[in-house]
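Engineer: Predicted model, plus sequence, below.
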Amino acid sequence: RQAAEMLDQSGRLAASKGLSSSKVIVTAAIEKYRFALKSFPESTGSMAALLAFDGRAQAAYDLLVQMKPNLSAQVLTSAAMGVLRNGYSTPRHFQMVRGWIDEALALDSKNLTLRLSLAELLAIKQDYVAAEPIYREALKTEPDNVIALNNLAWILAPRAEAATEAMNCVNHAIEIS
């Protein structure tokens, strides 16, 4: 697992620098992750995110579907969000991930991680009106949640009337970090 993570980081760095070796390194990382899944199913999220980074979103979703019985709802939805963040997802993928989040929230409606995943999914889909109240509610529960502060600031920033609040969120997140 550690070798996969090191190769993952190296492959992403090589890709960001435009190095031709990046594809070979990413492929090696994916193979190491595949081997690690047998003992560490929680590596599914990292492998799925790397597959998506490599432009193989469908393979990432196929992996998530295959590994779903071995993962907690929180690990599954976090992994799915990692894939969504990398792009290349279709409306069907968004619908599938939304279903997983809704299913998990039905069992644990107070789970902050799941609620933040829902808000992020909505924000990625640019449904900011639906995402904003979820972030605000999360901050009522956990006022120092850096993710909620950051993401709410991004939603508020384009609105002139909310610029001060956006800056307050950013500054508070910086203080905490």
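Structural biologist: Arrived safely, thanks for sending. Numbers count the residues shown, from 1 in each chain.
Engineer: Tell me the buried residues in the worst-scoring helix or strand of the chain on mean pLDDT?
Structural biologist: Between all helices and strands in the chain, the lowest mean by mean pLDDT, DSSP states H and E belongs to helix 73-85, at a mean of 93. Of the residues in helix 73-85, those buried by neighbour count under the rule 16 or more other Cβ atoms under 10 Å are 73, 75-84. (Glycine included, C-beta is placed from N, CA and C.)
Engineer: what comes into contact with that helix?
Structural biologist: 42, 44-46, 48-49, 51-52, 57, 60-61, 64, 67-68, 71, 89, 93-94, 96-97, 100-101, 103-104, 107-108, 111, 113-114, 117, 120-121, 124 (Cβ atoms under 8 Å, 6 or more residues apart in numbering).
Engineer: Only the buried subset of these, as a PyMOL command please.
Structural biologist: In PyMOL, this line selects whichever of the contacts of helix 73-85 come out buried by 16+ other Cβ under 10 Å:
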select buried, resi 42+44+45+46+48+49+51+52+57+60+61+64+67+71+89+93+94+96+97+100+101+104+113+114+117+120+121+124
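Engineer: from the contacts of helix 73-85, which ones fall inside helices?
Structural biologist: 44-46, 48-49, 51-52, 57, 60-61, 64, 67, 93-94, 96-97, 100-101, 103-104, 107, 113-114, 117, 120-121, 124 (DSSP state H).
Engineer: Below-threshold pLDDT in this protein: ranges please.
Structural biologist: Applying pLDDT under 70 to the chain flags no residue at all.
Engineer: how about a cut-off of 90?
Structural biologist: 74, 86-88 (pLDDT under 90).
Engineer: what residues are up against Gly45?
Structural biologist: Gly45 sits in contact with 75, 78-79, 82, where contact means Cβ under 8 Å, 6+ apart.
Engineer: Nothing else from me, thank you.
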